[in-house]
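Student: coords below, sequence missing:
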Ligand code: SAH
């Protein structure tokens, strides 16, 4: 009896473990050492689009499963991802579920945690640097300010149509608002903020692709944001940082942009002048 029990236990594969890991905002150097270590020992890695391909070099041994909206495909259904996590762990694998930014913000982590708990699977959560904090670093700005902002709210504009987002309370909160998934819903966001009582002059800075080589910043105000984002062709992924704490940065960025534009104009004029001179010299010769 004892022997049989031992035998069947040995045959049964050991249950694996799932690691829900934040991949940070894109710059591979912003991945934690822990995330890198887990990637290097993973059997299976489930990866989001936002996590980026560079991380794949850290887990050449692992089986990679893409679960994002690659190549215009529809995203993998959430329920399928949850089943996959459970199935791979039950098969005895060390599974890393890599999510863009931080795990706990707008990444549907609660559903995955619930599914893992329900299946009795051991798991760990490893935080990452969220896009909003990478945006603040990109802007060289503080999200809090002794006079203007005593805290920060991370908000999604996604589903804001029907969602119970307390815009009025947020507008009067003196918090810096960091809005995720706001590019496509800029008009709705603007209307909600204005209706909530936020002044149209309030600075808004959009940071596209924070921490990546192709990052871009668009400075605007609540009143002008829809127009400015359209003119500047702001693209996703971008976070919008809204509030008086951004006022100094917005004017510093605008000033730097004006100086750069003036320098570019002066350079173009100098080039045109030297080209004209050269043409004159050639004719004389
Ligand atoms: N868990 C992620 C957020 C996922 S929701 C995090 O903590 O960052 C996806 C949204 O995140 C995008 O629509 C965009 O608003 C924001 N985002 C993700 N990566 C970004 C980046 N590198 N720069 C700017 N915004 C980014």
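Tutor: Nice, I can see it. Keep in mind that what you see is a predicted model, and the values were worked out from it rather than measured.
Student: and the residue nearest to residue 67 when sequence neighbours are not counted, which helix or strand is it part of?
Tutor: Among residues not flanking residue 67 along the chain, residue 76 sits closest, at 4.2 Å (Cβ to Cβ, 6 or more residues apart in numbering). Where you see a C-beta, it was placed from the backbone N, CA and C, and this is true even at glycine. With secondary structure defined by DSSP states H and E, residue 76 is part of neither a helix nor a strand.
Student: count of neighbours near residue 76?
Tutor: 17 (other Cβ atoms under 10 Å).
Student: please verify my assumption that it contacts residue 85.
Tutor: No: using Cβ atoms under 8 Å as the test, residue 76 is too far from residue 85 to be in contact (11.7 Å).
Student: residues in contact with the closest residue to residue 66 other than its chain neighbours?
Tutor: Nearest residue to residue 66, sequence neighbours excluded (Cβ to Cβ, 6+ apart): residue 47, at 5.8 Å. Counting by Cβ atoms under 8 Å, 6 or more residues apart in numbering, residue 47 touches 23, 55-56, 64-68, 98.
Student: what's the burial count for the residue lying closest to residue 30 once chain neighbours are set aside?
Tutor: In space, and not counting its chain neighbours, residue 30 is closest to residue 24: 3.9 Å by Cβ to Cβ, 6+ apart. Neighbour count for residue 24, taken as other Cβ under 10 Å: 29.
Student: look up how far the ligand lies from residue 24.
Tutor: 8 Å (Cβ to the nearest ligand atom, to the nearest Å).
Student: may I have the beta-bridge partners of that residue?
Tutor: In this entry, residue 24 is beta-bridged to residue 101, by DSSP bridges.
Student: residue contacts, it?
Tutor: 30-32, 35, 100-101, 128-129, 134, 211.
Student: tell me the confidence at it?
Tutor: For residue 24, the model assigns a pLDDT of 95.
Student: buried ones in the lengthiest helix in the chain?
Tutor: Looking across the chain with DSSP state H, the single longest helix is helix 247-284. By neighbour count on 16 or more other Cβ atoms under 10 Å, the buried set for helix 247-284 is 249-250, 253.
Student: show me what it is packed against.
Tutor: Applying 3 or more Cβ pairs under 8 Å, 6 or more residues apart in numbering; DSSP states H and E, we find helix 247-284 packed against strand 203-208, strand 216-221.
Student: where in the stretch 151-285 of the chain is pLDDT low?
Tutor: 159-163, 281-285 (pLDDT under 70).
Student: near the ligand, which residues of it show up?
Tutor: When proximity is defined as Cβ under 6 Å from any ligand atom, the stretch 151-285 of the chain approaches the ligand at 180-181, 207, 209-212, 236-239.
Student: what's the burial count for residue 182?
Tutor: 27.
Student: that one contacts residue 238, correct?
Tutor: Yes: if you go by Cβ under 8 Å, residue 182 and residue 238 touch, sitting 7.3 Å apart.
Student: what touches both of the two?
Tutor: residue 206.
Student: okay, the residue sitting nearest the centre point of the chain: pLDDT?
Tutor: Centroid-nearest residue in the chain, with Cα atoms, centre = their mean: residue 131, separated by 3.7 Å. Looking at residue 131, its pLDDT stands at 98.
Student: ok, now how distant is it from the ligand?
Tutor: Distance from residue 131 to the ligand, by Cβ to the nearest ligand atom: 3 Å.
Student: go on, residue 242?
Tutor: Distance from residue 242 to the ligand, by Cβ to the nearest ligand atom: 13 Å.
Student: quick one: contacts for that residue?
Tutor: 176-179, 193, 198, 202-205, 222.
Student: and this structure, split by domain according to the record?
Tutor: Domain assignment for the chain by automatic domain parsing gives 13-129, 132-251.
Student: residue 90 is nearest to which of the helices and strands packed on helix 247-284?
Tutor: strand 203-208 (40.3 Å; Cβ to Cβ).
Student: output the contacting helices and strands for the closest one.
Tutor: helix 131-139, strand 216-221, helix 225-231, strand 238-242, helix 247-284.
Student: okay then, goodbye and thanks.
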